[in-house]
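Asker: Quick check, what structure comes out for this input:
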Amino acid sequence: MPSVDETTPLWEQGAVHNTNHLGEHQQDETDDNDNHTTPLLRHNTVELGPPADPYHLSYWIMVIQGASMLLPWNVFITAQGFFKLKFAGSPYEDNFQNYFSIGFMGTNLLVVGSSILIQKQAPGTTHIIGSLMLNAAVFLAILVSIQTNSDIDPTSYFFFAMSMLSLSAISTSIVQNGMFGLASKFTGRHVQGVMMGQGLAGAGVAISQIVTQILSPPKGTTFADDTFDIQGGHGGGGRRNKSEGLEHSAFLFFMFALGYTLLAVLAQGLLIRLPIYEFYTEEQPRQPIQFLAPTSPPSSNLHVQGQDEINHRRNSTSSAVSAATAVTITPAMIAETNRRLAEEEAEQRQTERANHYRSTSLGATALATDDSAMQLMLDIYPKKKKHPLVVLYISISLVFGLTLSLFPSLTALVESTNTAPDRARVFGDLFVPLHFLTYNLGDWAGKTLPSLALFSPNTTHPTRRQQMRYLLGAFGRCIFIPIFLTANLPIPENARLLPLLIQRDEIWFLLVFLFALSNGYLGSLIMMVGPACVLGGENKARAGVKLGFWLTAGLAMGSVASFGVRELMCVRGGCSSL
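Answerer: Sure thing, here's the model as predicted:
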């Protein structure tokens with residue numbers, strides 16, 4: 001009997017071939033009598049990759065949602081001039097930024113932590129859209145308060161602003177949990193898209209602040225001069241004009257935030273309709289491609305060696321027979337298909353084994369629910385190291401904790417060293433807004449770098465050494481504390497803890513840019529690598545949510561630490577002017 005080897009053609013020469021919906025060739029049913037029609041079995045093989053994502057829509061939607069995630073916080077801190085005007089005369093006039101930080105980050109941390117404890121899965125699209133609508137309602141309430149022009153007691157308006165800020169923090173927490181969990185199910189690039197969107201939000205708001213301030217009437221030489229003038233130090237007309245200018249700027253900020261939030265709602269509605277969304281988020285295991293093969297060898301003069309054994313294996317593993325679908329098939333096609341299936345199955349088993357080993361080498365299956373994966377982890381990795389992401393948790397908390405301890409509570413106090421009477425506005429009332437823009441551009445650049453191949457992290461085979469490098473980088477950023485204390489802070493020379501060393505504004509802006517660049521880059525690397533250390537879509541989602549929690553914890557700790565940094569700045573007195 002002739003046998004069929006790898007060089008045997010799948011069909012006879014001269015046969016007419018058709019192509020089915022899978023792109024496979026079929027012989028025409030009018031061939032000779034050696035071909036027979038038989039019922040076919042469905043046989044599972046490897047699954048397809050993700051479907052096409054036209055114009056990278058899913059990635060850009062992640063960018064949009066990342067921006068919407070931090071938009072409330074960025075709008076509130078960028079409109080500091082307006083809030084300082086409204087809080088004038090209250091006990092919170094000079095330190096409201098610290099209270100804003102604690103109120104927003106503390107609420108955010110509480111909601112994110114509660115969500116992790118209560119919910120087994122990350123918030124779904126319904127929760128995300130509902131939270132975005134809550135943000136829109138908050139922005140609308142602020143807009144109404146600006147337009148009413150009623151003389152509200154400064155202390156009462158402070159508590160109103162804090163309540164609105166807290167509501168924004170609640171909605172932001174839900175969006176953060178949902179988007180980090182969702183992006184972690186996709187790819188590391190989608191996580192980077194969320195992070196880049198956060199940087200984009202800050203840059204956009206900072207640019208709008210500078211534009212509106214440039215279009216406003218010229219103000220005092222410094223932020224403090226503006227405040228004094230607004231409070232009536234230079235006459236009622238100047239006070240009224242500057243007050244209206246700040247209110248107009250704040251109105252534009254919150255109007256833009258409202259419009260962008262509604263855009264984010266529409267973008268989320270589009271995302272859930274994309275095929276790639278269903279591919280990455282379906283709860284049940286994806287059904288692999290199904291190839292078809294006959295239940296038994298057709299009657300033919302040809303005999304394929306080993307065909308009986310092959311069909312026996314097929315019959316024992318197949319679950320159903322499709323009697324309604326049939327194709328004309330030759331023994332050569334059967335043998336070639338079986339050979340390819342065997343190779344693919346062996347390769348798939350080897351890949352799965354390698355993935356299990358790679359994950360358990362980091363102890364990553366501590367987050368897994370699969371019993372075999374858990375047992376494999378316990379067999380290979382010591383129990384004392386079964387928390388593989390703890391280094392990343394510490395790193396992400398340090399990165400963002402240090403950032404918020406210095407920015408903006410300390411950095412916004414730095415003044416220009418150019419004291420010439422005829423200096424440009426960039427060294428006067430635009431100095432602090434320009435500092436905000438510099439920071440946000442640096443943060444955006446840092447969060448964009450991982451999308452470039454040269455600066456992208458290893459998400460295929462993450463290692464413990466890789467995590468330790470991130471931790472060292474997070475600790476290394478502490479050098480910015482003494483550096484920033486040598487900037488031109490508004491305290492007497494004899495009261496400074498460290499001498500004034502940064503005497504050029506260009507150096508100050510460069511340091512702020514590097515500070516923000518390191519924050520964005522390290523934060524994005526950590527958020528991208530974390531989900532790559534675990535197996536399974538839901539486990540990746542939980543890893544992303546937990547990293548988001550520790551990011552928020554770092555922000556909350558940084559908010560509290562900002563009070564300590566200000567005390568460190570004033571440890572020798574001389575801060576009565578702040």
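
Asker: drop to CA atoms for contacts and neighbour counts, all remaining ones
Answerer: Will do.

Asker: shaky segments in the protein?
Answerer: Regions of the chain meeting the criterion pLDDT under 70 cover residues 1-48, 119-123, 149-150, 216-242, 283-329, 350-387, 536-537, 573-578.

Asker: most residues in a single helix of it, which one?
Answerer: For the chain, the helix reaching the highest residue count under DSSP state H is reported as helix 236-271.

Asker: and residue 56, how many neighbours?
Answerer: Under the neighbour criterion other CA atoms under 10 Å, residue 56 is assigned a count of 9.

Asker: you'd agree it is in a strand?
Answerer: No - with the criterion set as DSSP: H, G, I helix; E, B strand; the rest coil, the secondary structure at residue 56 is helix rather than a strand.

Asker: Could you measure from it over to residue 517?
Answerer: 25 Å (CA to CA, to the nearest Å).

Asker: mind listing what residue 107 touches?
Answerer: Residue 107 is in contact with 166, 169, 170, counting by CA atoms under 8 Å, 6 or more residues apart in numbering.

Asker: How about residue 127?
Answerer: Taking CA under 8 Å, 6+ apart as the criterion, residue 127 is in contact with 174, 175, 178.

Asker: For the helix or strand harbouring the last one, list every residue counted as buried.
Answerer: Meaning residue 178. Under DSSP states H and E, the secondary-structure element containing residue 178 is helix 154-185. Neighbour counts using 16 or more other CA atoms under 10 Å place 154-155, 157-158, 161-162, 164-185 of helix 154-185 among the buried residues.

Asker: And the strands in the stretch 301-450 of the chain?
Answerer: Across the stretch 301-450 of the chain, reading from the start of the chain, the strands by DSSP state E, counting those that start in this stretch fall at 321-322.

Asker: Please enumerate the helices of it.
Answerer: 307-317, 331-360, 371-380, 390-406, 431-448 (DSSP state H, counting those that start in this stretch).

Asker: same thing with the stretch 451-578 of the chain?
Answerer: Taking DSSP H, counting those that start in this stretch as the test, the helices found in the stretch 451-578 of the chain are 464-476, 480-485, 505-532, 537-569.

Asker: list the helices and strands the last one packs on?
Answerer: Contact partners of helix 537-569 among helices and strands, from 3 or more CA pairs under 8 Å, 6 or more residues apart in numbering; DSSP states H and E: helix 96-118, helix 154-185, helix 390-406, helix 505-532.

Asker: quick one: buried residues of the helix or strand following the longest one?
Answerer: Scanning forward in sequence from helix 154-185, with DSSP H and E defining helices and strands, the next element found is helix 188-215. Residues of helix 188-215 classed as buried under the neighbour-count rule (16+ other CA under 10 Å) are 188-210, 212-213.

Asker: With stretch 133-153 instead?
Answerer: Residues 133, 134, 135, 136, 137, 138, 139, 140, 142, 143, 145, 146 are the ones in stretch 133-153 that count as buried (16+ other CA under 10 Å).

Asker: Which of those residues fall within helices?
Answerer: Residues of the buried residues of stretch 133-153 located in helices (DSSP H): 133, 134, 135, 136, 137, 138, 139, 140, 142, 143, 145, 146.

Asker: Turn the residues you listed into TSV, including distance to residue 406.
Answerer: Below are these laid out as TSV (distance: CA to CA, whole Å):
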residue	distance to residue 406
133	31
134	30
135	27
136	29
137	31
138	27
139	27
140	30
142	27
143	29
145	30
146	30
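
Asker: And those, which is closest to residue 478?
Answerer: Distance to residue 478 across these (CA to CA) is lowest for residue 135, with 33.8 Å.

Asker: Surely the closest one is in contact with residue 260?
Answerer: No - contact between residue 135 and residue 260 fails when scored by CA atoms under 8 Å: they sit 10.5 Å apart.

Asker: Show me what the longest helix of the chain is packed up against.
Answerer: helix 57-78, helix 80-86, helix 125-148, helix 188-215.

Asker: one more time with 6 Å
Answerer: Using 3 or more CA pairs under 6 Å, 6 or more residues apart in numbering; DSSP states H and E as the contact test, the elements touching helix 236-271 are helix 125-148.
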